[in-house]
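# no FASTA, just this:
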């Protein structure tokens, strides 16, 4: 890289020393740099390739970090990171102790706002802009870059609605590429398509009607046009909106042709973009695929079954239901609140609704879970994908809190299967008919059961299982932590003294089994892949304390701090819920 322009650029100050004629070459070098590293390391590829020119233009025209730039979601911020003093460490992206895959305030002064979830940029940038007005900083610029999938979210509209009645010096840039992770959907997407194709009269402009100075659409890969328009907008006060059209995966042909797969393709050949084939023969399935295939299997038998996902049909494997029963499966876009209440409305009419949401994204619809579902005892079936530690996406995406935030809601069942077979059976049991809502949580990635397509069996709600007998210590696990516990017990100093109980139901908790345990053992260890505070262990503690049982209890789980990014194995070690740490705890108690 010694003879490249990129080698001379460490920050936006360096960038601004280049002439405009040099910027296209820099853009090409940035693409090559990203492709080279992501091909070897993995990460989010397509989104950042699509905003190379836009990112260069923004840092070239605006005086960052004094002018404040907010990236929505953060998948599209790799170029931003490279241009803002992180080029030399970009190879550590998403690795343990490396830089985050998303903008992060503690990482750089150029990262003005931490973003991992969508649709937050307009509200955040508006807040910054209004604070600047109050401080008399009238020349300061505030820019929010948001995708066409994210702008359809309710929160983005709330921000636009407020901004339109202010004098805030805010520029909203719509990065319109017609795809988030999956293709964008909905009436707003149709509207934007009509605008791009010149089929929508300018007087019908929805953004102008919200009191924004609207311009565009312009080609987001045309650097001279971008720079000229940004310079013009820089001089205009008040809320402004620039509609930019881009191509996700720009510059890598295969990524342009298959934008869903190349959102985060894993490792691939840098020159061609060809993804290295993975030998998945004989491997256990991904939990999301067990969900997806089981849902189709059940839907064939039960015509009342409906599937709903907020913009994650591929990631959740709801796509199988959408392909098999297109009229009974709905992608509602990035709109978790709407997804939950839509499911509630359908449940009032006797439909059996599977609402599939990533654990970390259901946080965005918490009031709807309480007010619209649980309070009315509507039997919505929430399937919480990516529960527990998810790995390299880090703190914004770990499903760490769902047990705790759901545990306090009355009339809500919480279930965590230990394997693929139990997930299937819980889905089967739930669609037979429940009088309350249920949340079924399961992890990202694969389980360990290859022969998982067994005949369905109805399971008893609220019943725990003794997987192994013992005499001194009882280990109580929930969810997939059963696997780590089984391995740990098999390798501790005296496995005959250690019992293992699996609690698939965190709520209602099996008090009869807890009574048996409290009358039999001297020590209890609880283990979960969620936060300790308010989690499964807390429910066990409450029972033991209420019964005044003289037991020692050790709670293992995610501690009271945000867990950063790294592999799941590394993060389990940090949280002390890996096999080795469980063995150590067992051996300590066995010596007492």
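Nice, I can see it. Just so we're clear, the structure is a prediction, and the values are computed from it rather than from any experiment.

# Can you tell me the closest non-neighbouring residue to residue 23?
Nearest residue to residue 23, sequence neighbours excluded (CB to CB, 6 or more residues apart in numbering): residue 223, at 5.1 Å. The way it works is simple: take the backbone N, C-alpha and C, and place the C-beta from them, glycine included.

# now that neighbour: how far from residue 286?
Distance from residue 223 to residue 286, counting by CB to CB, to the nearest Å: 41 Å.

# hmm, who's touching the helix or strand residue 314 falls within?
Element membership of residue 314, judged by DSSP states H and E, is helix 313-316. Residues from elsewhere that reach helix 313-316 (CB atoms under 8 Å, 6 or more residues apart in numbering): 181-182, 260, 288, 291-292, 309, 319, 322, 329, 331, 356-358, 383, 385.

# I'd like the next helix or strand past it.
Criterion used, DSSP H and E; the element after helix 313-316 is helix 319-324.

# Just the mean pLDDT for the following helix or strand past that following helix, thanks.
In the C-terminal direction, the helix or strand that comes right after helix 319-324 (DSSP H and E) is strand 329-331. Average pLDDT, strand 329-331: 96.

# Ok, stretch 290-298 next?
pLDDT averaged over stretch 290-298 gives 97.

# And stretch 10-25, by the same measure?
Stretch 10-25 comes out at a mean pLDDT of 97.

# can you give me the mean pLDDT across the helix holding residue 314?
pLDDT averaged over helix 313-316 gives 92.

# can you check stretch 190-197 too?
In the prediction, stretch 190-197 has an average pLDDT of 78.

# Stretch 421-431 too?
For stretch 421-431, the mean pLDDT works out to 97.

# List the contacts of it.
Here stretch 421-431 makes contact (CB under 8 Å, 6+ apart) with 287, 290-291, 294-295, 298, 302, 305, 352, 354, 379, 381, 383, 415, 417, 438, 440, 442, 449, 452-454, 456-459, 461, 504.

# One more pass at 7 Å, please.
Stretch 421-431 is contacted from outside by 287, 290-291, 294-295, 298, 302, 305, 352, 381, 415, 417, 438, 440, 442, 449, 452, 454, 456-459, 504, using CB atoms under 7 Å, 6 or more residues apart in numbering.

# got it, and stretch 490-503?
Contacting residues not belonging to stretch 490-503 are listed as 418, 464-478, 482, 485-486, 489, 509-510, 513, 517, 521, 536, 583, 586-587, 590 [CB under 7 Å, 6+ apart].

# end to end, how far does it reach?
Start and end residues of stretch 490-503 are separated by 19 Å (CA to CA, to the nearest Å).

# Buried residues, that stretch. List them.
492, 497-503 (16 or more other CB atoms under 10 Å).

# Out of those, the closest to residue 161 would be?
Comparing the buried residues of stretch 490-503 against residue 161 with CB to CB places residue 503 closest, at 45.2 Å.

# if I look at that closest one, how far off is residue 536?
The gap separating residue 503 from residue 536 is 7 Å, by CB to CB.

# Can you pull the residues that touch both of the two?
Contact criterion CB under 7 Å, 6+ apart; residues shared by residue 503 and residue 536: residue 478.

# Just checking the distance from stretch 558-569 to the centre of its chain.
Offset of stretch 558-569 from its chain centre (CA atoms, centre = their mean, to the nearest Å): 15 Å.
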